[in-house]
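A.B. asks: please work out how this folds:
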Amino acid sequence: MKILKRILLGIAILVLSAGIYLLAVALLPGLDVPEQPLEKTVPSINSPQSPPVGRKDVSFRVQGTELAAWLYLPRGFSEPRPCIVMASGLGGTKNMGLHEYALRFQEAGFAVLVFDYRYFGASKGEPRQLIWIPDQLEDWIAAIEYARSLESIDPARIALWGTSLSGGHALTIAARDNRIVCLTAQCPGVDGRSSAEKAFETQPIGYNLRMLMHGQRDLVRSWLGLSPHKIPIVGKPGSIALMTAANAYDAFVELAPDGFVNEACARIIVRGDKYRPVKYARDVRCPVLLQLCQKDELVSVESIEETGKILGQLAEIKRYPIGHFDVYYGKNRETGINDQIEFYRKHLR
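C.D. replies: Numbering: from 1, shown residues only. Got it, this is the predicted structure:
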């Protein structure tokens, strides 16, 4: 009995100590991170512009919150068209280069729906800049159902397009919705645990502990109903930010539109590793194009290869000798888009 009491006492002390630590992390001052606005010397290649012909601003609702989207309809067709539903990666918005992809798909004869997640870009929702994966998956489902409801869209021919984090989302949604015809996943994040391990291996232990503390601070503050604790989405190497890979900051400087909000609620740091779309690959029933960047600095290349093995004959894997952000530029982007169009033409007839 004495041994049991000592064990229970030890457990109680540990729980109390953990509670005190988390409260201290959540409430004590001194953990705020300086803002890191993107240092733009020239206008972004994705600066705001007038909507092009054939693109229409639309919106739909999720749990009462309005989400902003762009709808592209191809010209010269009277019958309902197949539609590709798209969303951006970690911390991104629809005006971070997605227009260029959508325009090419539109020219190839597909309708396209590009949307902003709740809390980001032109969509509504509080707190702002919250990356919460269950909500983002809900947003995907709502976007697909909205597309299916449109007279100009063939509800039986819906495909998905995702990149980085949203590449994992596309895979997850296809595992849940067997009506999805096909999907492309560009440098997809399919295993949050492996990606987190990869990030931790490249940083000193002190840096990793500080990052965990920022994530814990924001998560506990959300439990207490307090204002969110935010850190930059992207930063220069060695700074506190969600992404600090060597070329991440420069990529965002070029890709992000003027006025981009470079911050996000830090709780994703302690939740992102729990998200593992690779676990759902066995439930996918449609063709999948996996576009793998062999020098990827952010996501686990090995996990993408494993996803392809699980998908078996449903998977088509394209391997490019480039880094994670290289796929968004110049010839690399053109190569990736051409591969996607070829894949959609094959499966989304």
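
A.B. asks: how far out from the middle of the chain is stretch 76-90?
C.D. replies: Its chain's C-alpha centre and that of stretch 76-90 lie 19 Å apart, by Cα atoms, centre = their mean, to the nearest Å.

A.B. asks: quick one, strands of the chain?
C.D. replies: Assignment of strands within the chain using DSSP state E yields the ranges 55-62, 65-72, 81-86, 111-115, 153-163, 182-186, 230-231, 264-265, 288-293, 315-320.

A.B. asks: and residue 137, which of these is closest to it?
C.D. replies: Closest to residue 137 of the strands of the chain, according to Cβ to Cβ: strand 55-62, at 10.6 Å. For the C-beta atoms, the positions are set from N, CA and C on the backbone; glycine is no exception.

A.B. asks: mind listing what's buried in the closest one?
C.D. replies: By 16 or more other Cβ atoms under 10 Å, the buried positions in strand 55-62 come out as 55, 58, 60, 62.

A.B. asks: okay if I get those residues as CSV plus distance to residue 305 and pLDDT?
C.D. replies: CSV is the format used below for the buried residues of strand 55-62 (distance: Cβ to Cβ, whole Å; pLDDT from 0 to 100):
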residue, distance to residue 305, pLDDT
55, 36, 94
58, 37, 98
60, 36, 99
62, 34, 98
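
A.B. asks: can you give me the pLDDT of residue 313?
C.D. replies: Listed pLDDT for residue 313 reads 98.

A.B. asks: let me know how buried it is, in neighbour terms.
C.D. replies: Residues near residue 313, counting by other Cβ atoms under 10 Å, number 6.

A.B. asks: same deal with residue 291?
C.D. replies: When neighbours are defined as other Cβ under 10 Å, residue 291 has 23 of them.

A.B. asks: state the pLDDT value of it.
C.D. replies: Looking at residue 291, its pLDDT is 99.

A.B. asks: right, and the strands of the chain - which one's nearest residue 198?
C.D. replies: Minimum separation from residue 198 across the strands of the chain (Cβ to Cβ) falls at strand 288-293, 13.2 Å.

A.B. asks: ok and that closest one relative to strand 315-320, angle-wise?
C.D. replies: For strand 288-293 against strand 315-320, the angle by axes from the mean of the first three to the mean of the last three Cα atoms, to 10 degrees is 20 degrees.

A.B. asks: hmm, back to that, which of the buried residues of strand 55-62 lies at the shortest distance from residue 320?
C.D. replies: Residue 320 has its nearest neighbour among those in residue 55, at 28.3 Å by Cβ to Cβ.

A.B. asks: can you pull the contacts of that closest one?
C.D. replies: Residues in contact with residue 55, defined by Cβ atoms under 8 Å, 6 or more residues apart in numbering, are 70, 71, 72, 99, 102, 106.

A.B. asks: the fifth one: neighbouring residues, count only.
C.D. replies: If you count neighbours by other Cβ under 10 Å, residue 102 ends up with 25.

A.B. asks: nearest residue to it in space, please, no chain neighbours.
C.D. replies: Using Cβ to Cβ, 6 or more residues apart in numbering and skipping residues adjacent in sequence, the residue nearest residue 102 is residue 112, 4.2 Å away.

A.B. asks: so the one you found makes contact with residue 104?
C.D. replies: No - contact status for residue 112 versus residue 104: not in contact, 9.3 Å apart, counting by Cβ atoms under 8 Å.

A.B. asks: would you map the helices across the stretch 201-349 of the chain?
C.D. replies: For the stretch 201-349 of the chain, applying DSSP state H, counting those that start in this stretch gives helices covering 205-223, 248-255, 268-271, 301-311, 330-347.

A.B. asks: of residue 112 and residue 104, which one has the most company?
C.D. replies: Neighbours were counted for residue 112 and for residue 104 using other Cβ under 10 Å; residue 112 has more, 30 against 17.

A.B. asks: and that one, how far from residue 328?
C.D. replies: The spacing between residue 112 and residue 328, counted by Cβ to Cβ, to the nearest Å, is 17 Å.

A.B. asks: kindly report the same for residue 110.
C.D. replies: Remark: distance between residue 110 and residue 328 (Cβ to Cβ) = 20 Å.

A.B. asks: what of residue 141?
C.D. replies: According to Cβ to Cβ, residue 141 and residue 328 sit 26 Å apart.

A.B. asks: looking at the two, which is more packed in?
C.D. replies: Each of residue 141 and residue 328 has its neighbours counted (other Cβ under 10 Å); residue 328 has more, 22 against 13.

A.B. asks: I'd guessed that one sits against residue 251; true?
C.D. replies: Yes - using Cβ under 8 Å, residue 328 is in contact with residue 251, at 6.7 Å.

A.B. asks: list just the nearest of the contacts of residue 55 to residue 177.
C.D. replies: Distances from residue 177 to those, taken by Cβ to Cβ, are shortest for residue 71, at 20.0 Å.

A.B. asks: OK, contacts around that closest one?
C.D. replies: The neighbourhood of residue 71, defined by Cβ under 8 Å, 6+ apart, consists of 55, 56, 57, 58, 111, 112, 113, 150.
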